[in-house]
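Peer 1: Sequence first, then the predicted structure:
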Amino acid sequence: MDEPVLLTGAGGRVGQAILRHSGDRFEWRLLDREPLGAEKRPDGVGEDDVYITDITDEEAVEAAMDGVYAVIHLAGDPRPEAPWDSVLRNNIDGTHSIFQAAVDAGVEKFAFASSNHAVGAYETPDRKPDLYRPEDEFRLDGDELPRPSNLYGVSKATGEVLGRYYHDHHGISVVNVRIGNLTEGHPPIDYERGQAMWLSYRDCAHLFERCVVADYDYEIVYGISDNDRKYYSIDRAREVLGYDPVDNSAEFED
Ligand SMILES: NC(=O)C1=CN([C@@H]2O[C@H](COP(=O)(O)OP(=O)(O)OC[C@H]3O[C@@H](n4cnc5c(N)ncnc54)[C@H](O)[C@@H]3O)[C@@H](O)[C@H]2O)C=CC1
Ligand SMILES: O=C1O[C@H](COP(=O)(O)O)[C@@H](O)[C@H](O)[C@H]1O
(Lines give C-alpha, C1' and ligand atoms only; values in the text may rest on other atoms or scores of the structure.)
(Ligands and ions follow the chains in the order given, each with its own letter.)
Protein backbone atom coordinates (compact mmCIF):
# COMPACT_ATOMS: atom_id res chain seq x y z
CA MET A 1 0.00 0.00 0.00
CA ASP A 2 1.56 3.28 -1.13
CA GLU A 3 -1.13 5.74 -0.05
CA PRO A 4 -0.59 7.49 3.29
CA VAL A 5 -1.98 6.62 6.68
CA LEU A 6 -3.21 9.69 8.59
CA LEU A 7 -2.39 9.61 12.31
CA THR A 8 -4.25 12.24 14.36
CA GLY A 9 -2.94 13.08 17.82
CA ALA A 10 0.48 11.95 16.58
CA GLY A 11 2.40 13.85 19.25
CA GLY A 12 0.69 12.18 22.21
CA ARG A 13 1.51 9.02 24.14
CA VAL A 14 -0.39 6.57 21.93
CA GLY A 15 0.78 8.29 18.75
CA GLN A 16 4.41 8.20 19.82
CA ALA A 17 4.14 4.53 20.85
CA ILE A 18 2.89 3.74 17.33
CA LEU A 19 5.50 5.84 15.56
CA ARG A 20 8.34 4.54 17.69
CA HIS A 21 7.59 0.89 16.91
CA SER A 22 5.89 1.09 13.49
CA GLY A 23 7.47 4.26 12.11
CA ASP A 24 8.84 2.48 9.06
CA ARG A 25 5.71 0.46 8.22
CA PHE A 26 3.63 3.06 6.34
CA GLU A 27 3.77 6.35 4.48
CA TRP A 28 2.71 8.53 7.41
CA ARG A 29 0.81 11.78 7.41
CA LEU A 30 0.79 13.26 10.91
CA LEU A 31 -1.74 15.65 12.43
CA ASP A 32 -1.73 17.36 15.82
CA ARG A 33 -2.61 20.80 17.11
CA GLU A 34 0.80 21.01 18.83
CA PRO A 35 4.05 21.28 16.84
CA LEU A 36 5.68 17.97 15.90
CA GLY A 37 9.44 18.50 15.99
CA ALA A 38 11.86 16.15 14.22
CA GLU A 39 12.22 14.13 17.46
CA LYS A 40 8.52 13.22 17.25
CA ARG A 41 8.63 12.13 13.60
CA PRO A 42 9.98 8.88 12.19
CA ASP A 43 12.90 9.09 9.74
CA GLY A 44 11.66 10.12 6.33
CA VAL A 45 8.59 11.99 7.58
CA GLY A 46 9.26 15.61 6.72
CA GLU A 47 7.43 18.82 7.49
CA ASP A 48 5.35 18.44 4.30
CA ASP A 49 3.75 15.34 5.83
CA VAL A 50 2.78 17.18 9.02
CA TYR A 51 -0.46 19.10 9.56
CA ILE A 52 -0.60 21.32 12.63
CA THR A 53 -4.28 21.99 13.07
CA ASP A 54 -7.24 21.48 15.33
CA ILE A 55 -9.42 18.54 14.26
CA THR A 56 -12.50 20.76 14.37
CA ASP A 57 -11.05 22.93 11.57
CA GLU A 58 -12.92 21.32 8.66
CA GLU A 59 -10.95 22.99 5.85
CA ALA A 60 -7.59 22.06 7.29
CA VAL A 61 -8.75 18.50 7.99
CA GLU A 62 -10.01 18.18 4.41
CA ALA A 63 -6.55 19.11 3.12
CA ALA A 64 -4.86 16.60 5.44
CA MET A 65 -7.21 13.82 4.30
CA ASP A 66 -6.56 14.12 0.56
CA GLY A 67 -5.40 10.79 -0.93
CA VAL A 68 -5.31 8.99 2.44
CA TYR A 69 -5.86 5.19 2.57
CA ALA A 70 -6.52 4.74 6.30
CA VAL A 71 -6.98 6.91 9.40
CA ILE A 72 -5.84 6.17 12.94
CA HIS A 73 -7.78 8.73 14.97
CA LEU A 74 -6.30 9.42 18.40
CA ALA A 75 -6.62 13.19 18.82
CA GLY A 76 -8.84 14.23 21.69
CA ASP A 77 -9.00 14.97 25.38
CA PRO A 78 -7.81 11.75 27.12
CA ARG A 79 -8.60 12.76 30.70
CA PRO A 80 -11.13 10.55 32.49
CA GLU A 81 -12.12 13.66 34.50
CA ALA A 82 -12.42 15.93 31.45
CA PRO A 83 -15.39 18.32 31.60
CA TRP A 84 -18.29 18.18 29.16
CA ASP A 85 -17.33 21.27 27.13
CA SER A 86 -13.94 19.77 26.36
CA VAL A 87 -15.12 16.26 25.42
CA LEU A 88 -17.98 17.75 23.39
CA ARG A 89 -15.55 19.84 21.34
CA ASN A 90 -12.44 17.69 21.13
CA ASN A 91 -13.86 14.17 21.27
CA ILE A 92 -17.35 14.39 19.75
CA ASP A 93 -17.23 17.35 17.33
CA GLY A 94 -13.61 16.50 16.50
CA THR A 95 -14.35 12.85 15.77
CA HIS A 96 -17.36 13.81 13.65
CA SER A 97 -15.16 16.17 11.64
CA ILE A 98 -12.52 13.47 11.02
CA PHE A 99 -15.13 10.85 10.01
CA GLN A 100 -16.90 13.24 7.63
CA ALA A 101 -13.65 14.27 5.95
CA ALA A 102 -12.62 10.61 5.69
CA VAL A 103 -15.76 9.51 3.86
CA ASP A 104 -15.68 12.62 1.65
CA ALA A 105 -12.12 11.70 0.63
CA GLY A 106 -12.94 8.00 0.04
CA VAL A 107 -10.77 6.67 2.89
CA GLU A 108 -11.08 2.86 3.20
CA LYS A 109 -10.32 2.14 6.87
CA PHE A 110 -10.76 4.03 10.12
CA ALA A 111 -9.36 2.99 13.51
CA PHE A 112 -10.82 4.94 16.43
CA ALA A 113 -9.15 5.22 19.83
CA SER A 114 -11.99 4.32 22.17
CA SER A 115 -11.43 3.58 25.83
CA ASN A 116 -11.95 1.28 28.78
CA HIS A 117 -13.93 4.20 30.20
CA ALA A 118 -16.71 3.54 27.64
CA VAL A 119 -17.49 0.41 29.70
CA GLY A 120 -16.11 1.28 33.15
CA ALA A 121 -19.46 0.93 34.92
CA TYR A 122 -19.36 -2.86 34.40
CA GLU A 123 -16.83 -2.78 37.25
CA THR A 124 -19.58 -2.99 39.87
CA PRO A 125 -18.83 -3.24 43.60
CA ASP A 126 -19.85 -6.94 43.65
CA ARG A 127 -17.30 -7.73 40.89
CA LYS A 128 -14.40 -5.73 42.38
CA PRO A 129 -11.61 -6.46 43.04
CA ASP A 130 -11.98 -10.08 41.91
CA LEU A 131 -12.39 -9.20 38.22
CA TYR A 132 -8.88 -7.72 38.24
CA ARG A 133 -7.37 -11.06 39.30
CA PRO A 134 -6.06 -13.92 37.12
CA GLU A 135 -8.43 -16.61 38.43
CA ASP A 136 -11.60 -14.55 37.75
CA GLU A 137 -13.47 -15.55 34.58
CA PHE A 138 -15.60 -12.44 34.01
CA ARG A 139 -14.95 -11.03 30.52
CA LEU A 140 -16.20 -8.16 28.35
CA ASP A 141 -15.86 -9.07 24.67
CA GLY A 142 -17.06 -6.01 22.73
CA ASP A 143 -20.65 -7.24 22.19
CA GLU A 144 -21.90 -5.51 25.36
CA LEU A 145 -23.57 -2.09 25.36
CA PRO A 146 -21.49 0.87 26.62
CA ARG A 147 -21.66 1.64 30.35
CA PRO A 148 -19.44 4.71 30.67
CA SER A 149 -17.49 5.56 33.83
CA ASN A 150 -17.68 9.31 33.25
CA LEU A 151 -18.43 11.98 30.61
CA TYR A 152 -15.15 11.20 28.89
CA GLY A 153 -16.42 7.61 28.54
CA VAL A 154 -19.69 8.96 27.12
CA SER A 155 -17.67 10.80 24.45
CA LYS A 156 -15.83 7.59 23.55
CA ALA A 157 -19.09 5.61 23.29
CA THR A 158 -20.38 8.40 21.06
CA GLY A 159 -17.33 8.06 18.82
CA GLU A 160 -18.10 4.35 18.47
CA VAL A 161 -21.68 5.18 17.42
CA LEU A 162 -20.45 7.79 14.93
CA GLY A 163 -18.37 4.99 13.43
CA ARG A 164 -21.42 2.74 13.24
CA TYR A 165 -23.28 5.49 11.35
CA TYR A 166 -20.45 6.19 8.90
CA HIS A 167 -19.90 2.48 8.27
CA ASP A 168 -23.60 1.73 7.68
CA HIS A 169 -24.30 4.78 5.51
CA HIS A 170 -20.97 5.31 3.74
CA GLY A 171 -19.33 1.88 3.73
CA ILE A 172 -16.06 2.87 5.42
CA SER A 173 -14.47 0.03 7.45
CA VAL A 174 -14.35 0.99 11.13
CA VAL A 175 -12.59 -0.58 14.09
CA ASN A 176 -13.00 0.83 17.59
CA VAL A 177 -10.13 -0.05 19.89
CA ARG A 178 -11.14 0.21 23.55
CA ILE A 179 -7.64 0.94 24.79
CA GLY A 180 -6.83 -0.13 28.35
CA ASN A 181 -3.90 1.53 30.13
CA LEU A 182 -0.92 2.38 27.95
CA THR A 183 2.16 2.63 30.13
CA GLU A 184 5.72 2.66 28.91
CA GLY A 185 8.25 0.04 29.95
CA HIS A 186 6.26 -1.78 32.63
CA PRO A 187 2.66 -2.14 33.88
CA PRO A 188 1.29 0.36 36.40
CA ILE A 189 2.71 -0.31 39.87
CA ASP A 190 0.41 -1.06 42.85
CA TYR A 191 -2.67 -0.76 40.61
CA GLU A 192 -4.43 -4.07 39.94
CA ARG A 193 -6.97 -2.54 37.58
CA GLY A 194 -4.18 -0.97 35.52
CA GLN A 195 -2.25 -4.24 35.43
CA ALA A 196 -5.37 -6.04 34.15
CA MET A 197 -5.74 -3.56 31.29
CA TRP A 198 -2.07 -2.85 30.59
CA LEU A 199 -1.14 -2.22 26.98
CA SER A 200 2.58 -2.14 26.29
CA TYR A 201 4.00 0.28 23.74
CA ARG A 202 5.03 -2.45 21.30
CA ASP A 203 1.68 -4.28 21.55
CA CYS A 204 -0.08 -0.95 20.99
CA ALA A 205 1.89 -0.28 17.80
CA HIS A 206 1.32 -3.82 16.53
CA LEU A 207 -2.43 -3.61 17.24
CA PHE A 208 -2.90 -0.36 15.30
CA GLU A 209 -0.68 -1.71 12.51
CA ARG A 210 -3.12 -4.62 12.21
CA CYS A 211 -6.02 -2.12 12.09
CA VAL A 212 -4.48 -0.70 8.91
CA VAL A 213 -3.62 -4.03 7.29
CA ALA A 214 -6.55 -6.35 8.19
CA ASP A 215 -9.95 -6.51 6.47
CA TYR A 216 -13.10 -5.87 8.54
CA ASP A 217 -16.50 -4.19 8.40
CA TYR A 218 -17.44 -2.69 11.81
CA GLU A 219 -15.69 -3.95 14.93
CA ILE A 220 -15.21 -3.22 18.62
CA VAL A 221 -12.10 -4.78 20.12
CA TYR A 222 -10.16 -4.40 23.34
CA GLY A 223 -6.64 -3.02 23.29
CA ILE A 224 -4.67 -4.69 26.08
CA SER A 225 -1.58 -6.90 26.22
CA ASP A 226 -1.96 -10.65 26.84
CA ASN A 227 -2.16 -10.16 30.61
CA ASP A 228 -2.91 -13.09 32.98
CA ARG A 229 -5.08 -10.61 34.85
CA LYS A 230 -7.77 -9.51 32.43
CA TYR A 231 -11.48 -8.81 32.21
CA TYR A 232 -11.38 -7.79 28.56
CA SER A 233 -11.28 -10.56 25.98
CA ILE A 234 -8.75 -10.11 23.18
CA ASP A 235 -10.20 -13.01 21.17
CA ARG A 236 -11.96 -10.74 18.68
CA ALA A 237 -8.82 -8.69 18.08
CA ARG A 238 -6.91 -11.91 17.45
CA GLU A 239 -9.55 -13.36 15.10
CA VAL A 240 -10.45 -10.31 13.04
CA LEU A 241 -7.25 -8.30 13.09
CA GLY A 242 -4.58 -10.95 13.57
CA TYR A 243 -3.47 -9.25 16.81
CA ASP A 244 -0.72 -11.29 18.44
CA PRO A 245 0.52 -9.50 21.57
CA VAL A 246 3.85 -10.38 23.16
CA ASP A 247 3.61 -8.71 26.58
CA ASN A 248 1.89 -9.78 29.84
CA SER A 249 1.76 -7.73 33.03
CA ALA A 250 2.26 -10.93 35.08
CA GLU A 251 5.88 -11.05 33.90
CA PHE A 252 6.59 -7.93 35.96
CA GLU A 253 5.14 -9.22 39.24
CA ASP A 254 7.49 -10.29 42.07
N1 LIG B 1 -3.17 6.61 26.97
C2 LIG B 1 -4.08 5.68 27.28
O3 LIG B 1 -3.83 4.78 28.11
C4 LIG B 1 -5.43 5.70 26.60
C5 LIG B 1 -5.73 6.58 25.59
N6 LIG B 1 -6.97 6.51 24.96
C7 LIG B 1 -7.30 7.42 23.87
O8 LIG B 1 -6.23 7.46 22.94
C9 LIG B 1 -6.12 8.78 22.40
C10 LIG B 1 -4.70 9.30 22.62
O11 LIG B 1 -4.46 9.35 24.01
P12 LIG B 1 -3.05 9.80 24.59
O13 LIG B 1 -2.01 9.64 23.54
O14 LIG B 1 -2.86 9.13 25.88
O15 LIG B 1 -3.33 11.34 24.86
P16 LIG B 1 -2.31 12.56 24.73
O17 LIG B 1 -2.94 13.72 25.41
O18 LIG B 1 -0.94 12.14 25.12
O19 LIG B 1 -2.32 12.82 23.16
C20 LIG B 1 -3.42 13.40 22.50
C21 LIG B 1 -2.88 14.23 21.35
O22 LIG B 1 -3.99 14.77 20.64
C23 LIG B 1 -3.77 16.15 20.42
N24 LIG B 1 -5.07 16.80 20.41
C25 LIG B 1 -5.97 16.87 21.42
N26 LIG B 1 -7.06 17.54 21.04
C27 LIG B 1 -6.85 17.91 19.75
C28 LIG B 1 -7.61 18.66 18.81
N29 LIG B 1 -8.81 19.18 19.13
N30 LIG B 1 -7.10 18.83 17.56
C31 LIG B 1 -5.87 18.33 17.25
N32 LIG B 1 -5.10 17.65 18.10
C33 LIG B 1 -5.59 17.44 19.35
C34 LIG B 1 -2.89 16.63 21.57
O35 LIG B 1 -2.13 17.78 21.21
C36 LIG B 1 -2.02 15.41 21.83
O37 LIG B 1 -0.79 15.44 21.10
C38 LIG B 1 -7.18 9.64 23.08
O39 LIG B 1 -8.29 9.74 22.22
C40 LIG B 1 -7.51 8.85 24.33
O41 LIG B 1 -8.85 9.10 24.72
C42 LIG B 1 -7.91 5.60 25.33
C43 LIG B 1 -7.66 4.73 26.37
C44 LIG B 1 -6.41 4.69 27.08
O1 LIG C 1 -8.98 6.23 28.56
C2 LIG C 1 -8.02 6.34 29.32
O3 LIG C 1 -7.74 5.32 30.17
C4 LIG C 1 -6.46 5.21 30.80
C5 LIG C 1 -6.61 4.23 31.97
O6 LIG C 1 -7.58 4.73 32.85
P7 LIG C 1 -7.29 4.96 34.41
O8 LIG C 1 -8.59 5.44 34.98
O9 LIG C 1 -6.86 3.64 34.95
O10 LIG C 1 -6.15 5.95 34.49
C11 LIG C 1 -5.99 6.59 31.25
O12 LIG C 1 -4.74 6.51 31.88
C13 LIG C 1 -5.93 7.48 30.01
O14 LIG C 1 -5.47 8.78 30.34
C15 LIG C 1 -7.31 7.60 29.43
O16 LIG C 1 -7.24 8.31 28.19
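Peer 2: Yes, it's here. Numbers count the residues shown, from 1 in each chain. Ligands and ions are numbered 1, 2, ... in the order given.

Peer 1: residues contacting Tyr166?
Peer 2: 99-100, 102-103, 110, 172, 174 (CB atoms under 8 Å, 6 or more residues apart in numbering). Placement of C-beta: from N, CA and C, glycine included.

Peer 1: Now the two most distant members of those.
Peer 2: Gln100 and Val174 (13.4 Å; CB to CB).

Peer 1: Neighbour count for these two, which is higher?
Peer 2: Val174 (27 against 17; other CB atoms under 10 Å).

Peer 1: Confirm the more buried one sits in a helix?
Peer 2: No: using DSSP: H, G, I helix; E, B strand; the rest coil, the assignment for Val174 is strand, not a helix.

Peer 1: Can you tell me the element Ala205 falls in?
Peer 2: helix 201-213 (DSSP states H and E).

Peer 1: Show me what whichever helix or strand comes after that helix is packed against.
Peer 2: On the C-terminal side of helix 201-213, the nearest following helix or strand under DSSP H and E is strand 218-223. Secondary-structure packing of strand 218-223 (3 or more CB pairs under 8 Å, 6 or more residues apart in numbering; DSSP states H and E): helix 151-170, strand 173-179, helix 235-236.

Peer 1: quick revisit: helices or strands next to the helix holding Ala205 in the packing?
Peer 2: helix 13-22, strand 70-73, strand 109-115, strand 173-179.

Peer 1: contact partners of the strand or helix carrying Asp85?
Peer 2: Using DSSP H and E, Asp85 sits in helix 84-86. With CB under 8 Å, 6+ apart as the test, helix 84-86 has contacts from 77, 79, 151.

Peer 1: now swap in stretch 88-107 and tell me
Peer 2: Under the criterion CB under 8 Å, 6+ apart, residues 6, 8, 54-58, 61-62, 64-71, 73, 75-77, 82, 110, 112, 152, 155-156, 158-159, 162-163, 166, 170, 172 lie in contact with stretch 88-107.

Peer 1: how does it look with 7 Å?
Peer 2: If you take CB atoms under 7 Å, 6 or more residues apart in numbering as the criterion, stretch 88-107 is touched by 8, 55-56, 58, 61-62, 65-66, 68-71, 73, 75-77, 110, 155-156, 158-159, 162-163, 166, 170, 172.

Peer 1: what comes up buried for the helix holding Ala205?
Peer 2: By neighbour count on 16 or more other CB atoms under 10 Å, the buried set for helix 201-213 is 201-212.

Peer 1: How about stretch 109-126?
Peer 2: For stretch 109-126, by 16+ other CB under 10 Å, it's 109-120, 122-123.

Peer 1: most centrally placed residue in this protein?
Peer 2: In the chain, the centroid-proximal residue (CA atoms, centre = their mean) is Ala113; its distance is 2.4 Å.
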